[in-house]
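no sequence on hand, only this structure:
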């Protein structure tokens, strides 16, 4: 028998989802400059024009990813019971691992973007190129780290969505939204060679998913077995 759970736990969990969405979007939309898939020399000038504001917006954005992981932790603590925990725990785990991978990759762009402003200030094109070569391997590793973080998150969303559907934990809309979003993330990264431009809209869809999770928890709570 299903019982609707709408209490302090679901409200706190909802607040984490909504806070994550707000921070991710605030940090993104208010940032004066967005770094692409790789840090390139042309990034440093626009960052340097408002470096401290750029730093703070990036900090907010990074903590949005951290708060997403907190939301997933909180969510799984209140829904993972027999028999649904066989899907929800690994689903939330993959989402959390992927999210922290993304947060660590973002921290690289944040650190090297700000640091590069000082390292390239007043330097000749040759000196800037030498600096870029010195961070080339790290640049490559972090980009790979970012891709796998997104894939891991996609796997987690698929497992969570199927768990929502299988045990009616969340609405059918949220279940399908989660599964389709996870599948799209994995498909783009695995099968589109130049995936970066295609992935850009997915980030915003993911923020919408966070808002949807938060408001759904506030309004409807969750369904659990008695």
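Okay, I see it. All values reported here derive from a predicted model rather than from experimental measurement.

show me where this protein has its helices.
8-29, 44-49, 51-79, 85-120, 125-134, 136-167, 172-191, 195-220 (DSSP state H).

among those helices, which is nearest residue 37?
Smallest distance to residue 37 across these (CB to CB): 4.4 Å, for helix 195-220. For the C-beta atoms, the positions are set from N, CA and C on the backbone; glycine is no exception.

buried ones in that closest one?
Neighbour-count burial for helix 195-220 flags 195, 199, 202, 206-207, 209-210, 212-214, 216-218 (criterion: 16 or more other CB atoms under 10 Å).

just how off-centre is that helix within its chain?
9 Å (CA atoms, centre = their mean, to the nearest Å).

and it, what does it pack against?
Where contact means 3 or more CB pairs under 8 Å, 6 or more residues apart in numbering; DSSP states H and E, helix 195-220 is packed against helix 8-29, helix 51-79, helix 136-167, helix 172-191.

and the average pLDDT for it is what?
For helix 195-220, the mean pLDDT works out to 95.

cool, stretch 162-182 as well?
96.

cool, and stretch 11-28?
Mean predicted confidence for stretch 11-28 is 97.

between the helices of the chain, which gets nearest to residue 36?
The closest of these to residue 36 is helix 195-220. By CB to CB, the value is 6.8 Å.

next, the angle from that closest one to helix 8-29.
Angle of helix 195-220 versus helix 8-29, following axes from the mean of the first three to the mean of the last three CA atoms, to 10 degrees, is 150 degrees.
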